[in-house]
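please find the sequence and the predicted model below.
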Amino acid sequence: MELQVAELKQKIEDTLCPFGFEVYPFQVAWYNALLPPAFHLPLPGPTLAFLVLSTPAMFDRALKPFLQSCHLRLLTDPVDQCVAYHLGRVRKNLPELQMEVIADYEVHPNRRPKILAQTAAHVAGAAYYYQRKDVEADPWGTQHISGVCIHPRYGGWFAIRGVMLLPGVEVPDLPPTKPLDCVPTRAARITLLEGFNFHWRDWTYRDAVTPQERYSEEQKAYFSTPPAQRLALLGLAQLSEDPSSASPELPFTTLPPKKPQNPSRARGWLSPSISPPASPGP
Ligand code: B12
């Protein structure tokens, strides 16, 4: 890996890894090469970017302390605000760098996602993106089948949080890293894609490989609970839903709040026949 990339990666990891995140460098060109122009990132191909994902540890190491520190203040999207807070810390620790962050939930006005998180995870070598076309003679006929990324150590027990782009930092010699194909057989890929598409609420697709760590029962309960009741589940309560009670000290330095542009709205530009999940989790 280029020295410059290795140093930057180390600095970002020092900031994020203790809180349960992982980062993987890639070139914008690798991402753009797989996508039609409408999805391209409008930066020179050799521009350096980092894919950011959260591991199961993020819940205890980042989210719970964040919720406790924001106790009784208004949080509209706690997980996204927590991630934004931590990505903001990266920005603060690297003030000499221009940095653009695109979160997984951000969409264009036509509702197209600003970043295809799974394609980015694949080209960054973080997690193999299994798609319908990776199954020979697939059995699904005319059904829409969404693809899913599997991480070699966490299986499906992780979430892709976004990408950090570093305009002006060009790394044409960065060698590409292939993601590990940890679900190599046709039968296992069918089971995986069916689990992700038709039974994702039972969590089983996440065990496509035996993971090093899963979400705890508490974390699963948190993400299975409707957002309005999640704080109470952790023994925390919010005083008021009045936006004027939002604390000016909240460290939202990186990303706008999610509310108007969440994944279930992102769904709208795809097929109207796809039904949204009851409570999207990580
Ligand atoms: C919209 C959306 C939904 C919609 C529609 C799903 C869909 N994929 O069609 C709905 C609401 C149904 C949904 C549901 C769920 N979702 Co969702 N969703 C998204 C979101 C925001 C955008 C996905 C999207 O629209 N992609 C657009 C399509 C066109 O992209 P595509 O199919 O990948 O096609 C491109 C590739 O094929 C690429 N390409 C072409 N050739 C090649 C070759 C290679 C090698 C590669 C790599 C790429 C590539 O080109 C195509 C575009 O032209 C992403 C986050 C994000 N920003 O990406 C999360 C995301 C995909 N969802 C996620 C999850 C977990 C879920 C749920 C389990 C609920 C949950 N949150 O717990 C359920 C699963 C049910 C299901 N059927 O998908 C995770 C998946 C994590 C993973 N391990 O892969 C993501 C990444 C969110 C995250 N933060 O981690 N989701």
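Great, that's in hand.

can you report how many residues neighbour Ser216?
Neighbour count for Ser216, taken as other C-beta atoms under 10 Å: 13. The way it works is simple: take the backbone N, C-alpha and C, and place the C-beta from them, glycine included.

can I assume it is in contact with Phe59?
Yes - in this structure Ser216 lies within contact range of Phe59 using C-beta atoms under 8 Å: 6.9 Å.

how close does Ala49 sit to Phe223?
For Ala49, the distance to Phe223 (C-beta to C-beta, to the nearest Å) stands at 27 Å.

so these two - more neighbours on which side?
Between Ala49 and Phe223, counting by other C-beta under 10 Å, Ala49 is the more crowded of the two (27 against 17).

how about that one, what does it touch?
Pro25, Phe26, Gln27, Val28, Tyr31, Leu41, Ala120, Ala124, Val163, Met164, Leu165, Leu166 (C-beta atoms under 8 Å, 6 or more residues apart in numbering).

what do you get for Gly147?
The contact partners of Gly147, taken as C-beta under 8 Å, 6+ apart, are Gln118, Tyr129, Tyr130, Gln131, Arg132, Asp134, Leu193.

from the centroid of this structure, which residue is nearest?
Residue closest to the average C-alpha location in the chain (C-alpha atoms, centre = their mean): Ile160, at 1.8 Å.

contacting residues for the nearest residue to it once chain neighbours are set aside?
The shortest distance from Ile160 to any non-neighbouring residue, by C-beta to C-beta, 6 or more residues apart in numbering, is to Ala117 (3.9 Å). Contact analysis of Ala117 by C-beta under 8 Å, 6+ apart lists Leu51, Asp104, Ile160, Gly162, Val163.

check for me that Val52 belongs to a helix.
No - Val52 is assigned strand when assessed by DSSP: H, G, I helix; E, B strand; the rest coil, not a helix.
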